[in-house]
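Enquirer: Sharing a model prediction with you, sequence too.
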Amino acid sequence: MVLAIASTGSLFEITGGGPTTLGFGPTAALAAVGLPLSLFLIYAAILKGAAETEEDDREYNKPRRL
């Protein structure tokens, strides 16, 4: 979450037109690495949640002996 916020802030800082706090290189590197990585991690979390839901559904729908 922090990575996504930092990369979004870096993008705003680059496109703002003023001088960047850390310099252009580190700010651009943070934006270039952070944004795709954070999107990938969000996607992976969604896939994991879907897989866990399917596993729970299979366990819940098993026939039970009384």
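Expert: Received it, and whenever you're ready, just let me know what you need.
Enquirer: so what does the helix ranked longest in the chain touch, helix or strand wise?
Expert: Ordering each helix of the chain by length in residues (DSSP state H) puts helix 24-60 first. Judged by 3 or more Cβ pairs under 8 Å, 6 or more residues apart in numbering; DSSP states H and E, the packing partners of helix 24-60 are helix 2-15. (Glycine included, C-beta is placed from N, CA and C.)
Enquirer: now the spatially most central residue of the chain, nearest residue through space, not along the chain?
Expert: Geometric centre of the chain, nearest residue: Ser38, 2.9 Å, by Cα atoms, centre = their mean. Among residues not flanking Ser38 along the chain, Ala4 sits closest, at 3.8 Å (Cβ to Cβ, 6 or more residues apart in numbering).
Enquirer: tell me the pLDDT at that neighbour?
Expert: Ala4 is assigned a pLDDT of 89 by the prediction.
Enquirer: about what we covered before: got the contact list for the residue nearest to the centre of the chain?
Expert: Going by Cβ atoms under 8 Å, 6 or more residues apart in numbering, Ser38 touches Met1, Leu3, Ala4, Ser7.
Enquirer: for Ser7, what are its contacts?
Expert: Each residue near Ser7 by Cβ under 8 Å, 6+ apart is listed here: Leu30, Ala31, Val33, Gly34, Leu35, Ser38.
Enquirer: make it 7 Å
Expert: Taking Cβ atoms under 7 Å, 6 or more residues apart in numbering as the criterion, Ser7 is in contact with Leu30, Ala31, Gly34, Leu35, Ser38.
Enquirer: Put together CSV for those residues, with distance to Asp56 on each row.
Expert: Output for those, formatted as CSV (distance: Cβ to Cβ, whole Å):
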residue, distance to Asp56
Leu30, 37
Ala31, 38
Gly34, 32
Leu35, 32
Ser38, 27
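Enquirer: Can you add pLDDT and give those back as TSV?
Expert: Output for those, formatted as TSV (pLDDT from 0 to 100):
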residue	pLDDT
Leu30	90
Ala31	91
Gly34	92
Leu35	91
Ser38	93
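Enquirer: now the angle from the lowest-mean-pLDDT helix or strand in the chain to helix 24-60?
Expert: Lowest mean confidence among the helices and strands of the chain (mean pLDDT, DSSP states H and E): helix 2-15, at a mean of 90. Here helix 2-15 runs at an angle of 150 degrees relative to helix 24-60 (axes from the mean of the first three to the mean of the last three Cα atoms, to 10 degrees).
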